Structure formats: C-alpha cells, structure tokens
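Asker: okay, predicted coordinates and the sequence, questions at the end:
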Amino acid sequence: MKITKPARGLIGHRGAPKEFLENSLASFTAAIQQGLTWIECDLFLTQDGHWVCTHDSNLQRTHGISYEVANYPLSALQNKLQQIKAPQLTTLPELLELAKAYEVTVNIEVKHTQDAPKLLDALHAADYAKVVVSSFHLSFICSLRQLDPDIVIGMLVENFNQKALATVIAQKFNYLICNIEHIQAQDIATCKEHHIPVLLYTCNTAQHAKYWLDCGVFGLFTDCPGLC
C-alpha cells in the first residue's frame, strides 16, 4: 500500500460534531464539504469483529442506548438504532469509501487495542493510502509498527515531554499528537529540530488556530471545520 503525506492544516475532530452527531457519515461529510482535507474518527470493535466509529465504548451519550459496542454484533446495534430512529454507526469501510471519494486523509484513533492484525487487515483490504493510525496505547502502536513498517502512526499523549518525543523518534512514529493545553511553542520548535510533525487537540478558535499554525504545528484537530 503506497503511503502519501497528508496536507497541513485543520483536522475535522469526529467530523463536524457541532453540526451533526459525532463520528457519523453526515458529520464527516460536512467537514469535508467545508473544505477540510483531513478528518478524524475513533474506532471500537463490535462483538463480531467489525470496526465502527464511536468515541465511547457505550452508546448512551451519543445515541441514547446503553449498549456496549463490544457486547453486540454489528447487525444488532444497527437494528436497535434503526428502531429508535438514531443515526447508524459508521463502519470503517464506509468511512474509507467516503475518504476515497473525496481524497481526504483519515486519522483513526483506535480505542480497542487488542487486535492490531485485524485493523491492518481492514486497512489493507480498503487499499487506501491516506490513513494515519493513532492511539494513547503505546504497546498497540508499537505492535502496528512491527507488523507494518510503512503504516503512518501518530503517538497520542496528554502532556508533551522529552520522553514522549524520544519514544516517537526511537519507534519511528510519524507524528506526536498532544493536548493543546499541555504544550508550548518552544516544544514545537524542539520537535521540528528532530523533524517530528506535531498535531494538537482540540482547537476551536480562529485566533488559537493561527497562533499554533504560525508556531509550526502540522495539524489541529477542531470541532469547527469552518474555523479558518
């Protein structure tokens, strides 16, 4: 699978969640239609092994049903959502088909971290190069790197620190992804010295977006695709 480098700028955090339900096809489509070339989703595995886009393991907050995604097959989840007239869960193949159609990059944050080979199988089956896989779970992304030296990986951290930067360099990850509240401009400069692009979450004001992009941040996750 040929790897391509994403464009610098804003990243639709779960799509356009201030306009549509987060991680829904409508939300992702809205972000793309507002000009973003990069969108972000969260992934969990269903009981029968389907990757679906949801930030929470339980659908209560987003869909109003107290269903643990891992405890049900995809068909049962989708049928229940249809019954209550709630948006369907977006599957990974559906998201990647949308991304292909518009040629946008997809940042996948993996929440279910027990099956790296299954994720790689799904990505290879889609045969779409504009994908970045990220996670807070170091063991998971290290496993991905061992299984596929070419996959683009972002290491998620809450706070910037030198140990995190050293890990990104040592493991040959492609991005360091940090909370915007816990990093400083000088840290961005340090990362640039080591040729490590930085992505920050979450930026929802034009003023802050300009500041961080001027500092050299490669990408900003935002809930507001029309920010700039």
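Answerer: Done, it's in.

Asker: so where's the chain uncertain?
Answerer: For the chain, applying pLDDT under 70 flags the ranges 1-7, 228.

Asker: tell me where it has strands.
Answerer: Along the chain, the stretches classed as strands by DSSP state E are 9-13, 38-45, 51-53, 105-110, 131-135, 152-157, 175-179, 198-201, 219-222.

Asker: which residues touch residue 54?
Answerer: Taking CB atoms under 8 Å, 6 or more residues apart in numbering as the contact definition, residue 54 lies against 23, 42-44, 62, 69, 89, 111. The way it works is simple: take the backbone N, C-alpha and C, and place the C-beta from them, glycine included.

Asker: around residue 157, count how many other residues there are.
Answerer: Other residues within reach of residue 157, judged by other CB atoms under 10 Å, total 19.

Asker: my guess is it contacts residue 134. True?
Answerer: No - with contact defined as CB atoms under 8 Å, residue 157 does not reach residue 134; the gap is 10.4 Å.

Asker: find residues that contact each of those two.
Answerer: Listed as contacting both residue 157 and residue 134 by CB under 8 Å, 6+ apart are residue 177.

Asker: sorry, back to before: got JSON lines for the contacts of residue 54, with neighbour count and distance to residue 219 too?
Answerer: Listed next are these as JSON lines, based on neighbours: other CB atoms under 10 Å; distance: CB to CB, whole Å:
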{"residue": "23", "neighbour count": "26", "distance to residue 219": "18"}
{"residue": "42", "neighbour count": "20", "distance to residue 219": "17"}
{"residue": "43", "neighbour count": "25", "distance to residue 219": "19"}
{"residue": "44", "neighbour count": "21", "distance to residue 219": "23"}
{"residue": "62", "neighbour count": "19", "distance to residue 219": "24"}
{"residue": "69", "neighbour count": "22", "distance to residue 219": "27"}
{"residue": "89", "neighbour count": "24", "distance to residue 219": "26"}
{"residue": "111", "neighbour count": "18", "distance to residue 219": "20"}
